[in-house]
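A.B. asks: Structure, please.
(4 chains)
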Number of protein chains: 2
Amino acid sequence: MRSLGQRIELLKVIAHPIRIQILEELTKGVKCVSDFEEFLEISQPNISQHLSLLRNFRVIDYYIDGRLRCYFLVDPIIPDLLELLKKDYPDFLPGPECCPITKKGKYPGQRRR
Amino acid sequence: MRSLGQRIELLKVIAHPIRIQILEELTKGVKCVSDFEEFLEISQPNISQHLSLLRNFRVIDYYIDGRLRCYFLVDPIIPDLLELLKKDYPDFLPGPECCPITKKGKYPGQRRR
DNA sequence: TAAATATATTCAAATATTATTATATTTTTA
DNA sequence: TAAAAATATAATAATATTTGAATATATTTA
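C.D. replies: Numbering: from 1, shown residues only, chains lettered A, B, ... in the order given. Coordinates of the predicted model:
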């Protein structure tokens, strides 16, 4: 199991609009840098920086084909995580019994003092 | 379904060592601020700051019991997300066919030029 | 009603993340 | 072999996040 630190690290790595799009794309298969240039509206160096960050955290890796770098997913949690984030949920969990709209209620734990 | 922006926002909110611990604790039930003080090694104002951030993003809410504020989970994705992050996975996904250890291979997409 | 308790708010300082710009590297092609 | 193509790296500037310190608010208790 991932440590707390590793879980946070992973979340931080994914929590970026460019990187999450890169990962979404890679769940569909191998892609090289210029493939990303086609749909990401940022500069090539910036794409490379995000790819290299993802690689440093072992989320993706690449192989070389001539002058292309072909990137692919490595961390197996990624597809599940991206899918879960897109899942439909009700607006909120059922509130605790003691939680009326008035925001008044009784504390369920041991009361101190 | 959450928009891309909402998904990122959610990930960023969770991707913090204190906040993820707060959320883990809240999956077990209602907790007030001084409950958190017992196991988080940070100042009370700092705890309140994180709680208020979580509330601003509609991840948690609270009700009032006298001078206690009793916090609880609101966003239903949280328990699933925290559970997924703790799930055991193999070290990596099976690599693409064309990816030997040598990092050499053939690009599977349309080759440009 | 004054003191104590529980918690929140505000602002500034410290730190971390991200984007930009310029340049470098490697491989292929003419 | 020089130029073009594909990509990476490094340094800096811009921006966002986090913490710390001081203080404020509301409720209960003595």
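A.B. asks: show me the residues around the most centrally placed residue in chain A that make contact.
C.D. replies: Among the residues of chain A, the one closest to the centroid is A:I14, at 3.1 Å (Cα atoms, centre = their mean). Going by Cβ atoms under 8 Å, 6 or more residues apart in numbering or on different chains, A:I14 touches A:20, A:23, A:59, A:78, A:81, B:11. C-beta coordinates here come from the backbone N, C-alpha and C atoms, glycine included.
A.B. asks: Pull the most distant pair out of those residues.
C.D. replies: Farthest apart among the contacts of A:I14 by Cβ to Cβ are A:V59 and B:L11. That separation is 13.4 Å.
A.B. asks: so what's the backbone phi/psi at the residue nearest to the centre of chain A?
C.D. replies: Main-chain dihedrals, A:I14, degrees, to the nearest 10: phi -80, psi -30.
A.B. asks: A:G5: neighbour count?
C.D. replies: 9 (other Cβ atoms under 10 Å in any protein chain shown).
A.B. asks: is the lengthiest helix in chain A anywhere near chain B?
C.D. replies: Longest helix of chain A, by residue count under DSSP state H: helix A:44-56. No: legend: contact between helix A:44-56 and chain B by Cβ under 8 Å from any Cβ of the partner chain is lacking; minimum distance shown is 11.9 Å.
A.B. asks: So which elements touch that helix?
C.D. replies: Under the contact criterion of 3 or more Cβ pairs under 8 Å, 6 or more residues apart in numbering or on different chains; DSSP states H and E, helix A:44-56 touches helix A:17-26, helix A:33-39, strand A:60-65.
A.B. asks: quick check: angle from that helix to strand A:60-65?
C.D. replies: For helix A:44-56 against strand A:60-65, the angle by axes from the mean of the first three to the mean of the last three Cα atoms, to 10 degrees is 120 degrees.
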